[in-house]
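Student: have a look at this prediction, sequence included:
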Amino acid sequence: DAKTTQPPSMDCAEGRAANLPCNHSTISGNEYVYWYRQIHSQGPQYIIHGLKNNETNEMASLIITEDRKSSTLILPHATLRDTAVYYCIVRSMEYGNKLVFGAGTILRVKS
Amino acid sequence: DAGITQSPRHKVTETGTPVTLRCHQTENHRYMYWYRQDPGHGLRLIHYSYGVKDTDKGEVSDGYSVSRSKTEDFLLTLESATSSQTSVYFCAAQRVGNTEAFFGQGTRLTVV
């Protein structure tokens, strides 16, 4: 699976959009981009995933660049409860493929 | 949580004793994973399974073994616990294909 690079930490003001970047320059054509988050030592929670089109759900939006070498997770109106570690993961759908986490980005939402 | 249950939730054990952690799922997911998480670190994959009796090593598998004799249960065993295995252990389950993984609430293991 391709490696990902994320900034170690980011701050965001409450009510503003949080934009979390992820670089995955070695991504291959059959690899999806997944985002998870982990709130204070709870089990990680799935947020969103995509292949090449932008995706939106009730939690967030995922913007993937045309060359697929980077992506941005957008939390449109961050709240204090969005303070968490956010993980960007690249994974293919090949049988037997594993789910590997990197270091992630600590997002601190401040009032 | 898609029916992921980890047991026990907390355990204190002595160095050198065997320990087994259990992950149970009710949704018939094919993939299951065991991770450990230490302070200041992300989740590190210990072992994973892509079906009954199909398991493989992750990045930190030394000192751990796993078994999956039924779809719903994935067991992690520390044959002889060491203090370096003090950690929080997370289990996850995932269907085949383009799907999300569901995580348990974690097991806090302390080896004294």
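Tutor: That came through fine.
Student: OK, contacts around B:Thr82?
Tutor: With contacts defined as Cβ atoms under 8 Å, 6 or more residues apart in numbering or on different chains, B:Thr82 is in contact with B:15, B:63, B:111. The way it works is simple: take the backbone N, C-alpha and C, and place the C-beta from them, glycine included.
Student: for residue 89, which non-adjacent residue is closest in space?
Tutor: Reading this off chain A. Leaving aside its sequence neighbours, A:Ile89 sits nearest to A:Tyr34 (Cβ to Cβ, 6 or more residues apart in numbering or on different chains; 4.5 Å).
Student: switch to chain B, please.
Tutor: In space, B:Tyr89 is closest to B:Thr107, 4.6 Å off (Cβ to Cβ, 6+ apart).
Student: relative to chain A, how far out is the one you found?
Tutor: 11 Å (Cβ to the nearest Cβ, to the nearest Å).
Student: give the burial count for that residue, as a bare number.
Tutor: 23 (other Cβ atoms under 10 Å in any protein chain shown).
Student: pretty sure it contacts B:His10?
Tutor: Yes - the pair B:Thr107 / B:His10 is scored as a contact, 7.2 Å apart, by Cβ atoms under 8 Å.
Student: the chain: strands as residue ranges?
Tutor: This is for chain A. Here chain A has its strands, by DSSP state E, at A:9-13, A:18-23, A:31-38, A:45-50, A:55-56, A:61-64, A:70-75, A:84-92, A:105-110.
Student: my bad, the chain I had in mind was chain B
Tutor: Under the criterion DSSP E, chain B contains strands at B:4-7, B:10-13, B:19-25, B:31-37, B:43-51, B:54-57, B:64-70, B:73-78, B:87-94, B:101-103, B:107-111.
Student: return the residues of chain A in contact with chain B.
Tutor: Residues of chain A lying near chain B by Cβ under 8 Å from any Cβ of the partner chain: A:32, A:34, A:36, A:38, A:41-46, A:49, A:85, A:87, A:93, A:95-96, A:98-104.
Student: mind listing what B:Lys53 touches?
Tutor: B:Lys53 neighbours (Cβ under 8 Å, 6+ apart): B:68-69.
Student: quick one: pLDDT of it?
Tutor: At B:Lys53, the model reports a pLDDT of 92.
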